[in-house]
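A.B. asks: Predicted coordinates and the sequence they were generated for:
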Amino acid sequence: MDELGKITANLPRYRFQQIVSAWFETSIRSFDSISTLPQNLREQLKTVDFMTVFPTGIKEDKGDLTFKTLLTLKDGATVETVLMGRVNKKITGRPGEVRYTICVSSQVGCPMKCTFCATGRLGLKRNLTWREILDQYRFWNYFIADHLEGKIDNIVFMGQGEPMLNYENVKLTINAILKNTELGPRQITVSTVGVKAGMEKIVTDPDWPAVRFALSLHSAITETRQKLVPSHAPGFLEWLPEWAKLYHERFSARTKFVGIEYTFIKDANDDDKHLKALVKLASKLGKTRINLIPYNSTDPNMLGSAMEVIEHWREELMKKDFTVTIRRSQGQRIAAACGQLSNKVAND
Ligand code: SF4
């Protein structure tokens, strides 16, 4: 149990909830400022960190409205998190208003070793605590309040680490955000590279929130997927349709779909054979949304596919009635785009 847990263990539950809800107020920056707490409790809380993540540098790509920071944790470990803005007239109706997506990390490093990913080369150091995950949201929430305009309207668990390997802490974080902000489950996406145990849990765990789910597939052909995603479990692609059936039963709302993420790597997974395999597999997964992702190369031996190839895939998939998007890549110039997070904010 952490220090905060020890202090609040014997207090009424609402005291803990007062503390958590104060973490979401940008006007409150210390336990001492939580006026709903009695003075003696505020005194006791002086031994607890109000924030558990500390920025060591911010990289900014103003043209792209993207910011990346390297956060240092109490034990000296570091993780990256990204803030991506977009002017969204459709939502706000007011030109110039900005909405932000934050990309949060769930682990220090990652054990999954996906061959195209800079984080995978770091290896796993440890899981983040739920406060360290939540405080990435809080960090950006304060940052926007202090330096920018607009607000966070999307959170994607697509930063460093595999969220399904830190299941309980990710779940606690999401539930705290849903309870204490205006964000709804459709504004949060949890991505996995395909950890079967975690995927099985989300379709049976009553406390798992109905957030969006995205599977980083990258190939529907076993041999190719094994090369790109060395953690690929034997029989995974054959098991997927059974799991998708359970997923649709558990999350039966009309808006629910299985998100499929497909990163395009030149001459690896981008020919017609792979396209055909994706069509075949996705046809068995019920309602899907396929997100085609231009690869942000971090390795000179692995390049992204040409945009014409990705456009061709989109057309072919749309002809088959799939919902398809091409991800707009943000933050490449500051190495903040997908697959580029390698703890280099302060160093380069
Ligand atoms: S792509 Fe995701 S799961 Fe794979 S190594 Fe990178 S951070 Fe880990």
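C.D. replies: Sure thing, it's come through.
A.B. asks: got the contact list for the closest residue to Glu162 other than its chain neighbours?
C.D. replies: Computed as Cβ to Cβ, 6 or more residues apart in numbering, the closest residue to Glu162 that is not its neighbour in sequence is Met112, at 5.2 Å. The C-beta positions use only the backbone N, C-alpha and C, and glycine is treated the same way. Shown in contact with Met112 (Cβ atoms under 8 Å, 6 or more residues apart in numbering): 120, 162, 193, 229-231.
A.B. asks: got the residue ranges for the helices in the stretch 151-300 of the chain?
C.D. replies: Along the stretch 151-300 of the chain, counting by DSSP state H, counting those that start in this stretch, helices occupy 167-180, 196-202, 222-228, 236-250, 272-282.
A.B. asks: Packing partners of whichever strand or helix holds Arg86?
C.D. replies: If you go by DSSP states H and E, Arg86 is part of strand 78-87. Contact analysis of strand 78-87 by 3 or more Cβ pairs under 8 Å, 6 or more residues apart in numbering; DSSP states H and E lists strand 66-73, strand 98-103, strand 107-109, helix 130-147 as its packing neighbours.
A.B. asks: That strand: which residues count as buried?
C.D. replies: For strand 78-87, the neighbour count (16 or more other Cβ atoms under 10 Å) marks 78-86 as buried.
A.B. asks: What of stretch 37-47?
C.D. replies: By neighbour count on 16+ other Cβ under 10 Å, the buried set for stretch 37-47 is 37, 41, 44-45.
A.B. asks: And stretch 195-203, by the same measure?
C.D. replies: Buried residues in stretch 195-203 (16+ other Cβ under 10 Å): 195, 198-199, 201-203.
A.B. asks: List just the nearest of those residues to the ligand.
C.D. replies: Lowest distance from the ligand to the buried residues of stretch 195-203 (Cβ to the nearest ligand atom) belongs to Val195, with 8.8 Å.
A.B. asks: got a list of what the residue nearest to that closest one when sequence neighbours are not counted touches?
C.D. replies: Computed as Cβ to Cβ, 6+ apart, the closest residue to Val195 that is not its neighbour in sequence is Met164, at 3.8 Å. For Met164, the contact set (Cβ under 8 Å, 6+ apart) comprises 170, 190, 192, 195, 197-199, 201.
A.B. asks: switch the cut-off to 7 Å
C.D. replies: 192, 195, 198-199 (Cβ atoms under 7 Å, 6 or more residues apart in numbering).
A.B. asks: got it, and Thr26?
C.D. replies: By Cβ under 7 Å, 6+ apart, the residues touching Thr26 are 141-142, 145.
A.B. asks: Enumerate the residues of the stretch 1-150 of the chain near the ligand.
C.D. replies: Within reach of the ligand by Cβ under 6 Å from any ligand atom, the stretch 1-150 of the chain has these residues: 110, 112-114, 117, 119-120.
A.B. asks: Now which of those residues would you call buried?
C.D. replies: Buried subset of those (neighbour count, 16+ other Cβ under 10 Å): 110, 112-114, 117, 119-120.
A.B. asks: Am I right that Trp23 is in contact with Asn141?
C.D. replies: No: contact between Trp23 and Asn141 fails when scored by Cβ atoms under 7 Å: they sit 9.1 Å apart.
A.B. asks: Can you dump the C-alpha atoms of stretch 200-208 in CSV for me?
C.D. replies: Output of stretch 200-208 as CSV, limited to C-alpha atoms (Å, rounded to 0.1, in the frame of the first residue of the first chain):
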residue,chain,number,x,y,z
GLU,A,200,-10.2,-12.3,-22.2
LYS,A,201,-10.5,-10.2,-19.0
ILE,A,202,-12.1,-7.2,-20.6
VAL,A,203,-15.0,-9.2,-21.9
THR,A,204,-15.7,-10.8,-18.5
ASP,A,205,-14.7,-8.1,-16.0
PRO,A,206,-17.8,-6.1,-14.9
ASP,A,207,-15.6,-3.3,-13.8
TRP,A,208,-13.8,-2.9,-17.1
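A.B. asks: What lies in contact with it?
C.D. replies: Stretch 200-208 is contacted from outside by 167, 171, 213, 246-247, 250, using Cβ under 7 Å, 6+ apart.
A.B. asks: what's the model's confidence in stretch 202-214, averaged?
C.D. replies: Averaged across stretch 202-214, the pLDDT comes to 96.
A.B. asks: now Arg15, nearest residue through space, not along the chain?
C.D. replies: Computed as Cβ to Cβ, 6+ apart, the closest residue to Arg15 that is not its neighbour in sequence is Thr8, at 6.0 Å.
A.B. asks: Same question for Ser283.
C.D. replies: Per Cβ to Cβ, 6+ apart, closest to Ser283 is Lys320, 7.7 Å.
A.B. asks: Count the residues that sit near that neighbour.
C.D. replies: Neighbourhood size, Lys320 [other Cβ atoms under 10 Å]: 12.
A.B. asks: And it, how far from the ligand?
C.D. replies: 27 Å (Cβ to the nearest ligand atom, to the nearest Å).
A.B. asks: Ok, Arg13 next?
C.D. replies: Plainly put, Arg13 is 35 Å away from the ligand if you go by Cβ to the nearest ligand atom.
A.B. asks: next one: Asp271
C.D. replies: Asp271 sits 22 Å away from the ligand, taking Cβ to the nearest ligand atom as the criterion.
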